[in-house]
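Colleague: my questions are about this predicted structure, shown below with the sequence.
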Amino acid sequence: MVEKRKRHPKLSLIGKILLFYALIPFTASVPVFLIALTGITWLIPLFVPLFTLLIYLLFRKKIDLARGCRINALVLFVLLTVFTVMMIWTSGSVEGLIMHQFTWLILPFAPVMLFLSLMDQTMLLYLTAFLTYLSACLFCAIFSKEKPKRWIAPALVLLILTVLNAHLYLNRPAVRYSGHGFDYMSGYSSTDFTDYTVYAANSRLAALDHAPSFVISDPEKMPVMDGAEACYPLYAAIARTVYQDIGRIEADWIRAQRTTNGNTYPNGRIVTFTNTLVGFKRLLIGADQPDGADLFFGARPSAGQLEEATESGVELTITTIGREAFVFFVEADNPVNALTSEDVRAIYSGKITNWKELGGKDQEIVAFQRPQDSGSQTMMVWFMGETPLKEPETYEMVSAMTGVIQKVAQYYNEEGAIGYSFRYFLEELGQEQHVKMLSIDGVYPSVETIEDGTYPLTVDLCLITRKDDSNHYVQQMIDFILSEDGQSLVRKTGYGGIRKK
């Protein structure tokens, strides 16, 4: 008995291609747009394929599933091949203008395309398209009873392309060269300071092994603190030592404000964190005003900051409380261990471009810089003096709100790389892995050479206060930090202390 062939609506081949490639994915994307409005973008790559399968399930007796299997497989192969070529071209970047041309091939997903583009979630858009065509292909293959052996070779090709794209994406410039973005402390910090807060359950803050001789018990009298990013663990440790019950006080305040990380803009806080720029402005405001501060911890004020203080009619007291080092570092297996200041200037001005000129391997020097508004870059500009810095390495990013922007390519541990930072970030916070610090002008940046000032790029760690501050505890805080207990906290945190003459 001859089995009757299933009859399907008479559509031309072009019509069937448009049905499987465009119409069904578009229809499945329409209801998902409503889900996208909730802001839970990760649901989109799940729900578009699910709605696609629902359409196939409802109309499986009316459409040519065998043809649908082959068309979906062909579309998936073409899209993934083009995507792979473009990913190789862009080194795995999905944010560049070149890669954005790929969206023309997935216009059937237009209902969710605009939303994901505005949310800068282009990779989710591409993933949605691939999963949709893959799901449709598998559904059609199962229900049309396609022979599995036919799909072994195509499946292996798709698997290889997928693994290659995953590798490129995970090592794209936006990941490799982003450095340490300001993702923490309400966007002010490049470091996760969760365990360095005064209310942390598993605190990593330095502590004394005995009761301090000086304690402030009245929260109303506790001087308000702010400072530079690298100083936060130090002044948080000081606060936890001197301010009685500060952990409970801060935790209660956070609970009352219903914040998630305890670092909304400071109004009302005692141990606060913004950054060098904002924190210094808060000091100029003064703690007797809303959002002001009593104590600022950081490097010596710049000429611009001193001018700002003068214009504001504020006289400052600048007290050196510790020592820090500006350091240069390279990959751990780089044979070069030391440079002179002139060597570094020659590297960063572009005069020396190969490590063999400095006694190292015959390989290009990749000299990474830092973003212009960072403290490290400000220090680097000062270090270079009259020698101009060469243009930094950059990579391209595209934002739906700002368009094409150039980002500074920050340190990535690859052959020939060199970068710079402050010693505390490397030694205590471990921001870079598998690196070694270089000796400069014959001196290695150890705690000893930082404290005695023989390391040439040693900088002062300062506590800056207002001379007219009415809180009498401000001067007592200065005295405590300069005392044996205070200097113990400075050293235990990881900075060089002040040696008494």
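Modeller: Perfect, I can see it now.

Colleague: show me which strand runs longest in the chain.
Modeller: Across the chain, the longest stretch assigned as strand under DSSP state E is strand 316-331.

Colleague: right, and residue 77 touches residue 158 too?
Modeller: Yes. With contact defined as CB atoms under 8 Å, residue 77 reaches residue 158; the gap is 6.9 Å. Every C-beta, even on glycine, is put in place using the N, C-alpha and C of the backbone.

Colleague: so between the two, which is more surrounded?
Modeller: residue 158 (19 against 16; other CB atoms under 10 Å).

Colleague: look at residue 180 and report its pLDDT.
Modeller: Note on residue 180: pLDDT of 80.

Colleague: hang on, it packs against residue 229?
Modeller: No. At 9.8 Å, residue 180 does not count as touching residue 229 under the criterion of CB under 8 Å.

Colleague: joint contacts of these two?
Modeller: Between them, residue 180 and residue 229 share these contacting residues under CB atoms under 8 Å, 6 or more residues apart in numbering: 190, 191.

Colleague: beta partners for residue 328?
Modeller: Taking DSSP bridges as the rule, residue 328 bridges to residue 420.

Colleague: so where is the chain shaky, pLDDT-wise?
Modeller: Within the chain, the stretches with pLDDT under 70 are 1-11, 36, 39, 96, 146, 148, 257-268, 373, 397-404, 500-501.

Colleague: show me what counts as buried in the longest helix along the chain.
Modeller: Looking across the chain with DSSP state H, the single longest helix is helix 65-89. If you call a residue buried by 16 or more other CB atoms under 10 Å, then helix 65-89 has these buried ones: 65-77, 79-80, 83-84, 86-87.

Colleague: and it, what does it pack against?
Modeller: In this structure, helix 65-89 packs against helix 13-18, helix 97-100, helix 122-143, helix 152-170, with contacts taken as 3 or more CB pairs under 8 Å, 6 or more residues apart in numbering; DSSP states H and E.

Colleague: let's see it at 6 Å
Modeller: With contacts taken as 3 or more CB pairs under 6 Å, 6 or more residues apart in numbering; DSSP states H and E, helix 65-89 sits against helix 122-143, helix 152-170.

Colleague: could you give the angle of the first one to helix 152-170?
Modeller: Yep, that's helix 122-143 we're talking about. Here helix 122-143 runs at an angle of 170 degrees relative to helix 152-170 (axes from the mean of the first three to the mean of the last three CA atoms, to 10 degrees).

Colleague: elements contacting helix 122-143?
Modeller: In terms of contacts (3+ CB pairs under 6 Å, 6+ apart), helix 122-143 is packed against helix 44-58, helix 65-89, helix 110-118.

Colleague: same thing with the shortest one?
Modeller: Taking 3+ CB pairs under 6 Å, 6+ apart as the contact definition, the neighbouring helices and strands of helix 152-170 are helix 65-89.

Colleague: what about the helix it packs on, distance to the chain center?
Modeller: When distances are taken as CA atoms, centre = their mean, to the nearest Å, helix 65-89 is centred 33 Å away from the chain's centroid.

Colleague: quick revisit: after the longest strand of the chain, next one along is what?
Modeller: strand 338-339 (DSSP states H and E).

Colleague: who touches that next one?
Modeller: Strand 338-339 has contacts (CB atoms under 6 Å, 6 or more residues apart in numbering) with 438, 439.

Colleague: rerun that using 8 Å as the cut-off
Modeller: 328, 347, 358, 438, 439, 440, 442.

Colleague: PyMOL command for the buried members of the residues you listed?
Modeller: In PyMOL syntax, the buried subset of the contacts of strand 338-339 is picked out as below (16+ other CB under 10 Å):
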select buried, resi 328+347+358+438+439+440
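
Colleague: distance to residue 280 and secondary structure for the contacts of strand 338-339 - can I get that in JSON lines?
Modeller: As requested, these are exported to JSON lines (distance: CB to CB, whole Å; DSSP: H, G, I helix; E, B strand; the rest coil):
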{"residue": "328", "distance to residue 280": "27", "secondary structure": "strand"}
{"residue": "347", "distance to residue 280": "31", "secondary structure": "helix"}
{"residue": "358", "distance to residue 280": "38", "secondary structure": "helix"}
{"residue": "438", "distance to residue 280": "31", "secondary structure": "coil"}
{"residue": "439", "distance to residue 280": "33", "secondary structure": "strand"}
{"residue": "440", "distance to residue 280": "28", "secondary structure": "strand"}
{"residue": "442", "distance to residue 280": "35", "secondary structure": "coil"}
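
Colleague: farthest pair within the contacts of strand 338-339?
Modeller: Distances among those were taken as CB to CB; the most separated pair is 347 and 442, at 17.4 Å.

Colleague: follow-up on the earlier one: among the helices and strands packed on helix 65-89, which is nearest residue 55?
Modeller: Checking the helices and strands packed on helix 65-89 against residue 55 by CB to CB gives helix 122-143 as the closest, at 9.0 Å.

Colleague: okay, now residue 17: neighbour count?
Modeller: A total of 15 residues lie near residue 17 under the criterion other CB under 10 Å.

Colleague: if I pick residue 225, what's in contact with it?
Modeller: Neighbours of residue 225 in contact, by CB under 8 Å, 6+ apart: 235, 238, 239, 270, 271, 272, 293, 294, 295, 297.

Colleague: same question but for residue 362, I mixed them up
Modeller: Counting by CB under 8 Å, 6+ apart, residue 362 makes contact with 354, 355, 356.

Colleague: ok, residue 237 touching residue 204?
Modeller: No. Using CB under 8 Å as the test, residue 237 is too far from residue 204 to be in contact (9.3 Å).

Colleague: so which of the two has more stuff around it?
Modeller: Legend: neighbour count by other CB under 10 Å for residue 237 and residue 204, higher for residue 237 (22 against 16).

Colleague: got the contact list for the more buried one?
Modeller: Residue 237 neighbours (CB under 8 Å, 6+ apart): 205, 206, 207, 489, 492, 493.

Colleague: try it again with 6 Å
Modeller: Residues in contact with residue 237 (CB under 6 Å, 6+ apart) are 205, 206, 489, 493.

Colleague: nearest residue to the middle of this structure?
Modeller: What sits nearest the mean C-alpha location of the chain, by CA atoms, centre = their mean, is residue 181, with 2.8 Å.

Colleague: the closest residue to that one other than its chain neighbours: how many residues sit nearby?
Modeller: Nearest residue to residue 181, sequence neighbours excluded (CB to CB, 6 or more residues apart in numbering): residue 190, at 6.4 Å. Residues lying near residue 190 (other CB under 10 Å) number 19.

Colleague: alright, that wraps it up for me.
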